[in-house]
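Visitor: mind looking at a prediction? Sequence and model below.
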Amino acid sequence: MYELNICHLYPDLLNLYGDRGNIIALSRRCEWRDIEVKVENISIGDTFKYENYDIVFIGGGQDYEQTIIQDDLMNGKRQEIVEAVESGKVFLGICGGFQLLGKYYKTNDGKEIECLGAINIWTHGGDTRLIGDIVFEIDFLKNNGENYRVVGFENHAGKTYLGEGVKPLGKVIKGSGNNGEDGFEGAVYKNTFCTYSHGSLLPKNPVLADHLIMLALLNKYPDFQGLSPLNDDLENLAHESLIKRFIE
């Protein structure tokens, strides 16, 4: 039997807009395939050893919550997180988690706040919030031969930019995306995936959820042959109806 260990970083502080739903989606889609799942919540003061986990999730939070975890993150868990990303562990960062994985966040008054530096991105505070439903397509996943469309909800004032070695997760069809300027959303580096999409992301986008599960299993089990199919009629109906509503 296959087994995956999932780490949820700071679930008590970074769980804006129901981001915990991503953990639930990953767990259920594994369990429906008889893949054993263990989820461990790691917060302030807890030891984080990346070798113990196959998937690491860090959600979104407001500036206040991000300030609370800053010292613990930068002085306690930083090196382990950087090594996890570089080793190819599957990482999912949402909104604030997306920003924290980058190099720095520059506030409106010019103050530069150092972040983890795990991926080559940076964020500047904006004057207006980028908020609303978002649809973007990603070219490494297909649906009926076409690029898979991801649906979500964004709400962020920060504008994120990607540096060398980091690719966008997708191209925006509706919404603002990373910065409202370049037409891209999210970031991909090795097996680290980041996005501003709350709401939560994975229950509404089962193909992306399965992609993360598959990568984690391939990392852990070199002989892994692929995921068994699930009956996703309801999930796909919800997914397609939301896209149609938002685009049309």
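Guide: That came through, no problem.
Visitor: pLDDT on stretch 227-247, on average?
Guide: For stretch 227-247, mean pLDDT is 95.
Visitor: go through it and flag the buried ones.
Guide: Buried residues in stretch 227-247, counted by 16 or more other C-beta atoms under 10 Å: 227, 235, 238, 239, 242, 243, 246. (Each C-beta comes from the backbone N, C-alpha and C, glycine too.)
Visitor: with secondary structure and distance to residue 103 added, can I get those residues in TSV?
Guide: Formatted as TSV, the buried residues of stretch 227-247 follow (DSSP: H, G, I helix; E, B strand; the rest coil; distance: C-beta to C-beta, whole Å):
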residue	secondary structure	distance to residue 103
227	coil	34
235	helix	36
238	helix	36
239	helix	33
242	helix	33
243	helix	33
246	helix	32
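Visitor: what lies in contact with stretch 19-29?
Guide: Stretch 19-29 has contacts (C-beta atoms under 8 Å, 6 or more residues apart in numbering) with 6, 8, 11, 37, 39, 55, 57, 59-60, 92, 94-95, 198-203, 206, 209-210, 212-213, 230.
Visitor: now, which of those residues lie within strands?
Guide: Using DSSP state E, the members of those that fall in strands are 6, 8, 37, 39, 55, 57, 92, 94.
Visitor: just the buried ones from those residues, in ChimeraX syntax?
Guide: What follows is the ChimeraX syntax for the buried subset of those, where burial is set by 16+ other C-beta under 10 Å:
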select :6,8,37,39,55,57,92,94
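Visitor: need the ones in strands among the contacts of stretch 19-29 in CSV (columns: pLDDT and distance to residue 71).
Guide: Below are these laid out as CSV (pLDDT from 0 to 100; distance: C-beta to C-beta, whole Å):
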residue, pLDDT, distance to residue 71
6, 98, 25
8, 97, 20
37, 98, 31
39, 98, 25
55, 98, 25
57, 97, 21
92, 97, 23
94, 95, 22
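Visitor: now do the strand ranked longest in the chain: distance to the chain's middle.
Guide: Longest strand of the chain, by residue count under DSSP E: strand 121-143. Between the centre of strand 121-143 and the centre of its chain there are 12 Å (C-alpha atoms, centre = their mean, to the nearest Å).
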